[in-house]
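In: No letters, just coordinates:
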Ligand code: 3HC
């Protein structure tokens, strides 16, 4: 069958809400777009462990430490699900890791900011995982089967991440004036980078039109960002924190919050590698990869030995 026939039939399947599975025919560009997005999503999960890992040894109580440990371990698992989902498209784990370590693949801009106080653990859970949930709930309906199924499992764990973060800030906002100020400072530093997580405005998005046609994305970047703002502002008010946007105002007519301009120059700079922590994050990933080389070698040697034993 000529490719044009395949493409027509493929789009009919997408339009009929049929999931695409690894062995199905798919356009090369569909496969490429998924490998790009899923592998970068996986990189984001793994790099995202670093800012929070920074506070595991400094958590204010054993209770908080165990919660943070559980969350960071969850993120590692999310990364593994997503690398496995990407592998079903024909790319190897090694190739994806090489792309990240050589700076040829992106990860979410949000993880290039420093975590300066314990309140940042609250802001990350509440805002970063809160934003991730809105994006990832949408992705549970993505057209590629393995990706949508990975999202279902991940979203269940994200809800715990978001709640524990919000609870940290709720506790601090009810604490001493210094604790409340620490919570407000974290919101001030994480609010705008969290809005940037959803990607550029739809009009500047290079992938959105095609991604929506293939139902990889089901909603545009701007719509998801607006949903996040509409949901999160009342939560900030409930714990007595002020969103750092002087232009934020409820619009009775649209039933949404109007909000100020996002600094896209900052966004472009961060994804170009000039964010506050880009170099530190990649250096940490490269060191972990080097330090783990002996583990990979031992596991491979053991697997080969087992395979030889089985074959004999
Ligand atoms: N950080 C880094 N790069 C970003 C970005 C961000 N926040 N937003 C967009 N970009 C990049 C895109 O990757 C693309 O570059 P590329 O062609 O080199 O890949 C370029 O900017 C243009 O953006 P588009 O909007 O056209 O790209 P997409 O259609 O891919 O949309 C996206 C961007 C919405 C981030 C989409 O890729 C997506 O939904 N990805 C899956 C979700 C994800 O990766 N979330 C990251 C956070 S994971 C997380 O927070 C885990 C939590 O548990 C802590």
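Out: Ah, there it is. It should be emphasised that the depicted structure is a prediction, and the values quoted were computed from it without experimental measurement. Residues are numbered from 1 along each chain as shown.
In: List the residues that contact residue 220.
Out: 202, 205, 208, 212 (C-beta atoms under 8 Å, 6 or more residues apart in numbering). Any C-beta I mention is one placed from the backbone N, CA and C, and that applies to glycine too.
In: Now with 10 Å, please.
Out: When contacts are counted by C-beta atoms under 10 Å, 6 or more residues apart in numbering, residue 220 touches 138, 198, 199, 201, 202, 203, 205, 208, 209, 211, 212, 226.
In: hang on, the first one packs against residue 211?
Out: No: the pair residue 138 and residue 211 fails to qualify as a contact (C-beta atoms under 10 Å) at a distance of 11.3 Å.
In: who has more neighbours, the two?
Out: residue 211 (20 against 17; other C-beta atoms under 10 Å).
In: Keep the contacts of residue 220, but drop any that are not near the ligand.
Out: Counting by C-beta under 6 Å from any ligand atom, 198, 199, 205, 208, 211 from the contacts of residue 220 sit close to the ligand.
In: In this protein, mark out all the strands, start to finish.
Out: 249-251, 256-258 (DSSP state E).
In: can these go into CSV with extra columns for mean neighbour count?
Out: Formatted as CSV, the strands of the chain follow (neighbours: other C-beta atoms under 10 Å):
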stretch, mean neighbour count
strand 249-251, 11
strand 256-258, 15
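In: In JSON lines, list those along with mean pLDDT and distance to residue 269.
Out: Formatted as JSON lines, the strands of the chain follow (pLDDT from 0 to 100; distance: least, C-beta to C-beta, whole Å):
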{"stretch": "strand 249-251", "mean pLDDT": "98", "distance to residue 269": "28"}
{"stretch": "strand 256-258", "mean pLDDT": "98", "distance to residue 269": "26"}
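In: looking at these, which is closest to residue 296?
Out: strand 256-258 (47.8 Å; C-beta to C-beta).
In: I would like the residues contacting that closest one, please.
Out: By C-beta under 10 Å, 6+ apart, strand 256-258 touches 226-227, 229-234, 243, 245, 247-251.
In: Direction included, what does that strand pair against?
Out: strand 249-251 (antiparallel) (DSSP bridges).
In: burial measure for residue 24, as a count.
Out: 12.
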